[in-house]
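Trainee: when you get a sec, could you give me coordinates for this:
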Amino acid sequence: LNITTGCIGSSVPLNVTITPAGVRVSGIYNYFNIAQTPLNGLTLNLKSGTTTIATTTTNVAGYYEFNGVQTGTYTIAASTTKLEGGYSPLDAGAVNNWWAYPSGDSPIERVNYDAANANGSADVNSTDAGLINLHFVNSSATFVKTWTFWPQGDISSLNPPSTTESFMVSTSNITRNYFGLCVGDFNGSYIPPSSGKSGDLISSLKLDYNGTCQAGADEMIELPVRVSTNLQVGALGLIMNFPADLATIEDVRLKDGYGDVEGSLLYHVNGSELRIGWYGESPLILNESEPLVIITLWRKRFFLLIA
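Mentor: Below is the predicted model:
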């Protein structure tokens, strides 16, 4: 090939393939909570079908970009080593309400739907709500996955939704922003960490000590957890520590007179930690100083119990 004239010294055809420079696909990953916390350190795989075309990670602001992307149809698969959190009986109650009364609910982001679909079935239903409550109480009851990610602004009230995650690339740069949620955190209460350690849960309860009672050995005692003001409770999640060397937890129940709504009340003891989870379609209506839950303990030997 003569570079100056463009001629070749043979009649054999010369096939030249020119590959366009491609475009940029970029955007931001945020956790779908009030603060829309940036999700740094995510591993992102740009895929065409099942083939990974490129891999990148999000920076401290949750920003990512893929350069030189050719015309085609793609998806972005995100993964993270961040610990999950945020799921509680409050989420279980909200999920149960959303599927049971769809006509009265506002449409939700697709990432909320996927966070609600804890068992990965064809639709969201009461089974998912029950699994979220059970997972809060006993983490050995696992979700189908721990994190979910979806493009921002995909809002629907359909159950199941009809949209897909794939997108088309042509000749223009594309901005594509995503939300992330921990599975089970339907209400977006979690604040994910920037590193792999545990994040924070937005708390709305304060537990105050209110006196002591004397407990003799080998006796049962009922310990009420009372509310300090008039309250309507649609769901509750409690994590409490107790002296496992001095007492065992025999039972946990709602306040007297609410036995008919105890179906979703669960509790689990792990060492000295007691977890209690409950949600209901109808709220508990409590007056000041009424018990929210009543814990039954068996006392192994004499001690003073703080109530």
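Trainee: pretty sure E290 sits against V225.
Mentor: No - E290 is not in contact with V225 according to Cβ atoms under 8 Å; the separation is 10.3 Å. For every residue, glycine as well, the C-beta is placed using N, CA and C.
Trainee: buried ones in the longest strand anywhere in the chain?
Mentor: Assignment by DSSP state E gives strand 273-286 as the longest strand of the chain. By neighbour count on 16 or more other Cβ atoms under 10 Å, the buried set for strand 273-286 is 274-280, 284, 286.
Trainee: I'd like the distance from that strand to the chain centre, please.
Mentor: From the chain centre to the centre of strand 273-286 is a distance of 19 Å (Cα atoms, centre = their mean, to the nearest Å).
Trainee: please work out the angle formed by the directions of the helix or strand following that strand and strand 273-286.
Mentor: Using DSSP states H and E, the helix or strand that follows strand 273-286 in sequence is strand 291-299. Using axes from the mean of the first three to the mean of the last three Cα atoms, to 10 degrees, the direction of strand 291-299 lies 140 degrees away from that of strand 273-286.
Trainee: with just CA atoms, put strand 291-299 into CSV.
Mentor: Presented in CSV, the C-alpha positions along strand 291-299 are these (Å, rounded to 0.1, in the frame of the first residue of the first chain):
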residue,chain,number,x,y,z
PRO,A,291,-47.7,-2.1,77.6
LEU,A,292,-46.6,-2.4,74.0
VAL,A,293,-45.2,-5.9,74.5
ILE,A,294,-45.0,-8.2,77.5
ILE,A,295,-41.9,-10.3,77.9
THR,A,296,-42.1,-13.4,80.1
LEU,A,297,-38.8,-14.5,81.7
TRP,A,298,-37.8,-17.4,83.8
ARG,A,299,-35.3,-16.4,86.5
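Trainee: from here on, count from 270
Mentor: Noted, 270 is the first residue going forward, which turns the last one into strand 560-568.
Trainee: which elements pack onto it?
Mentor: strand 488-495, strand 500-510, strand 516-523, strand 542-555 (3 or more Cβ pairs under 8 Å, 6 or more residues apart in numbering; DSSP states H and E).
Trainee: for G457, find the nearest of those strands.
Mentor: Closest to G457 of these is strand 500-510 (Cβ to Cβ; 15.3 Å).
Trainee: partner strands of that closest one, with direction?
Mentor: Take DSSP bridges as the rule and strand 500-510 pairs in its sheet with strand 542-555 (antiparallel).
Trainee: ok and the strand it pairs with relative to strand 516-523, angle-wise?
Mentor: Using the same axes, to 10 degrees: strand 542-555 against strand 516-523 is 30 degrees.
Trainee: and the angle from strand 542-555 to strand 488-495?
Mentor: Inter-element angle recorded for strand 542-555 and strand 488-495: 60 degrees (by the same axes, to 10 degrees).
Trainee: now strand 542-555: average pLDDT?
Mentor: For strand 542-555, the mean pLDDT works out to 84.
Trainee: now do stretch 499-514
Mentor: On average, stretch 499-514 scores 85.
Trainee: alpha carbons of it, as CSV, please.
Mentor: Provided in CSV are the C-alpha atoms of stretch 499-514 (Å, rounded to 0.1, in the frame of the first residue of the first chain):
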residue,chain,number,x,y,z
ASN,A,499,-50.6,7.9,73.5
LEU,A,500,-49.6,6.0,70.4
GLN,A,501,-50.9,4.1,67.4
VAL,A,502,-48.4,1.4,66.3
GLY,A,503,-48.6,-0.3,62.9
ALA,A,504,-45.3,-2.1,63.2
LEU,A,505,-42.5,-2.5,65.7
GLY,A,506,-39.0,-3.8,65.8
LEU,A,507,-37.1,-4.1,69.1
ILE,A,508,-33.5,-5.3,69.8
MET,A,509,-32.8,-5.7,73.5
ASN,A,510,-30.0,-7.2,75.6
PHE,A,511,-30.7,-9.2,78.7
PRO,A,512,-28.6,-11.1,81.2
ALA,A,513,-28.7,-14.6,79.7
ASP,A,514,-26.7,-16.0,82.6
